[in-house]
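A.B. asks: structure for the following, please:
(one chain, ligands or ions: 2)
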Amino acid sequence: MSSAEPHRTRNVAILGSTGSVGRSALEVLREIDGFNVVGLSGHSNLELLSEQAREFQPSCVVATGPDSDSGFRLDGVGGCELLSGADALVRLATREDVDMVIAAIVGVAGLESTWAAVEAGKTVALANKETLVVAGSLVMPMAARTGATILPVDSEHSAVFQAIQAGRRNEIQRVVLTASGGPFRDFDHEQMKSVTVEQALNHPTWNMGQKISVDSATMMNKGLEVIEARWLFDLSPDRIAVMIHPQSIIHSLVEFVDSSVISQMSPPDMKLPIQYALTWPDRVPGPSPVVDWTKTLNLELRPPDFEQFPALELGFEVAKSGGTSGAVLNAANEAAVAAFLNKEISYMDIATSCREILNNHNYEPEPSLESLMEADRRARL
Ligand code: NDP
Ligand code: MG
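C.D. replies: Numbering: from 1, shown residues only. Ligands and ions are numbered 1, 2, ... in the order given. A predicted model of the protein is given here:
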């Protein structure tokens, strides 16, 4: 479709609408034309889910959390199907009236519904990076078979997606993912030993959900993003690099074979990558903040210290080894982050326990979805 032609209205379902990405997606959808919110899902924040449903009047709402069976009602929403439980996410993601799914559930809990959307050939705006970390080897070929379009929402991958349009696929030399470095980027080993949950959640440039905030503090987030980039852009891991960029303005860079480097820049705010996934290949005015060109803009890029951030190294290793490694790293990390948030283990224990579990698992090079789920279950234990 050429940009001169008007788009027909697209029906969007947001899986995880009550989360940080979900709420930003709704902020975008309030401001831009051509989209109709037909589905929402929430887990524990049922009050916000009801509020969102009253505002957007979707045709289906899914509540997945433990409280969703006991008396959750929707008032003031006409003709809306109210479903509960994890299975209902699959029903929402595959509904006939859904054109596009924004996959914004956190963790492996988002895999089944994202998988179902891809299997049903939907357009998927993918925030749930864990889907590709765990099952990228199966999801990407499935998308090719079903004709599903997977559009990145993760800001670095959106930046790469935008920058690669400056050349052809076979002209890409390298992809450089930027990382803020999180709250501990300038900490030494001694300081790292005593960091608290509160410090880890206090991200210097991004305001995000708890799990990804801890992942940013350990830089496991960047490790997971290396694996995500490996699958999304079909890149061998030796073509992926990471640079620390404290200002979070350059969201990533693509180096082409002629040595030219193209980057995408914007203030650190998820509304832009979400909007680009919605409107691609078009660009429209929206609610994202703009760079202030009346002020000095310092942009620093430096290589990361892998000893300071062992989780980043794990990401590269897993991107190379593939197989069941992604599922194991992801599950070990999810369990370790939950234990850290519960103050059961220390910050330093997160990467150490992931390394131990990864080194001791029964590696399978070409796993099925069932063996990935089994690897996930064992690693969590
Ligand atoms: P949040 O924790 O803020 O939100 C997670 C969403 O998932 C909420 O809607 C939550 O519901 C729902 N949820 C939680 N557990 C379950 C479950 N077991 N089953 C079904 N739904 C569940 O996370 P974020 O928005 O920060 O992150 C979402 C995804 O996007 C993650 O994969 C993250 O890595 C990725 N991402 C996030 C970015 C960000 O800026 N936040 C940037 C790039 C990627 P409720 O709140 O009602 O409990
Ligand atoms: Mg990111």
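A.B. asks: check which residues of stretch 340-349 are buried.
C.D. replies: Judged by neighbour count using 16 or more other Cβ atoms under 10 Å, the buried positions of stretch 340-349 are 340, 341, 345, 347, 348. (Glycine included, C-beta is placed from N, CA and C.)
A.B. asks: the fourth one and residue 200 touch, don't they?
C.D. replies: Yes: with contacts defined as Cβ atoms under 8 Å, residue 347 counts as touching residue 200 at a distance of 6.2 Å.
A.B. asks: residues shared between the contacts of these two?
C.D. replies: Shared contacts of residue 347 and residue 200, defined by Cβ atoms under 8 Å, 6 or more residues apart in numbering, comprise 217, 218, 340.
A.B. asks: now tabulate those residues in TSV and tack on pLDDT.
C.D. replies: Output for the shared contacts of residue 347 and residue 200, formatted as TSV (pLDDT from 0 to 100):
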residue	pLDDT
217	97
218	98
340	98
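A.B. asks: near ligand 1, which of the residues you listed show up?
C.D. replies: The residues of those that also fall near ligand 1, by Cβ under 6 Å from any ligand atom, amount to none at all.
A.B. asks: and which of those is nearest residue 184?
C.D. replies: When the shared contacts of residue 347 and residue 200 are compared for distance to residue 184 (Cβ to Cβ), residue 217 wins out at 5.8 Å.
A.B. asks: for residue 326, helix, strand, or coil?
C.D. replies: When classified by DSSP: H, G, I helix; E, B strand; the rest coil, residue 326 comes out as helix.
A.B. asks: renumber starting at 870 from here on
C.D. replies: All set: I'll call the first residue 870, so the last point we hit is now residue 1195.
A.B. asks: what's the pLDDT at it?
C.D. replies: pLDDT, the model's per-residue confidence, is 98 for residue 1195.
A.B. asks: list the contacts for the residue nearest the centre of the chain?
C.D. replies: Computing the C-alpha centroid of the chain and ranking residues by Cα atoms, centre = their mean puts residue 996 first, at 3.2 Å. Going by Cβ under 8 Å, 6+ apart, residue 996 touches 885, 890, 971, 972, 973, 1022, 1023, 1143.
A.B. asks: whatever residue of the stretch 920-1069 of the chain ends up closest to ligand 2: how many residues sit nearby?
C.D. replies: Evaluated by Cβ to the ion, the stretch 920-1069 of the chain has residue 1023 as its residue closest to ligand 2, separated by 4.2 Å. A total of 28 residues lie near residue 1023 under the criterion other Cβ atoms under 10 Å.
A.B. asks: that one against residue 1100, yeah?
C.D. replies: No: in this structure, residue 1023 sits apart from residue 1100 without contact. The criterion is Cβ under 8 Å, and the distance is 11.9 Å.
A.B. asks: quick one: is stretch 1116-1123 near ligand 2?
C.D. replies: No: Stretch 1116-1123 lies out of reach of ligand 2 by Cβ under 5 Å from the ion, never closer than 8.1 Å.
A.B. asks: run the chain-centre distance for that stretch.
C.D. replies: Relative to the chain's own centre, stretch 1116-1123 is displaced by 16 Å; criterion: Cα atoms, centre = their mean, to the nearest Å.
A.B. asks: and the contacts of it?
C.D. replies: Looking at what lies outside stretch 1116-1123 - Cβ under 8 Å, 6+ apart - the contacts are 1024-1029, 1032-1033, 1035-1036, 1041, 1043-1047, 1049, 1074-1075, 1112, 1130-1137, 1142, 1160, 1166-1170.
A.B. asks: show me the subset of those residues that also lies near ligand 1.
C.D. replies: residue 1075.
A.B. asks: so of the contacts of stretch 1116-1123, which ones are in helices?
C.D. replies: Among the contacts of stretch 1116-1123, the members falling in helices are 1024, 1025, 1026, 1027, 1028, 1029, 1032, 1142 (criterion: DSSP state H).
A.B. asks: what's the neighbour count on the third one?
C.D. replies: Pointing back at residue 1026 there. 27.
A.B. asks: ditto for the last one
C.D. replies: Around residue 1142 sit 29 other residues, with neighbours defined as other Cβ under 10 Å.
A.B. asks: ok, it to ligand 2 distance?
C.D. replies: Applying Cβ to the ion, to the nearest Å, the value for residue 1142 to ligand 2 is 9 Å.
A.B. asks: before we move on, back to that, which one of the buried residues of stretch 1209-1218 sits closest to ligand 1?
C.D. replies: Nearest to ligand 1 among the buried residues of stretch 1209-1218, counting by Cβ to the nearest ligand atom, is residue 1210 at 11.3 Å.
A.B. asks: verify the stated contact: that closest one with residue 1083.
C.D. replies: Yes: in this structure residue 1210 lies within contact range of residue 1083 using Cβ under 8 Å: 6.8 Å.
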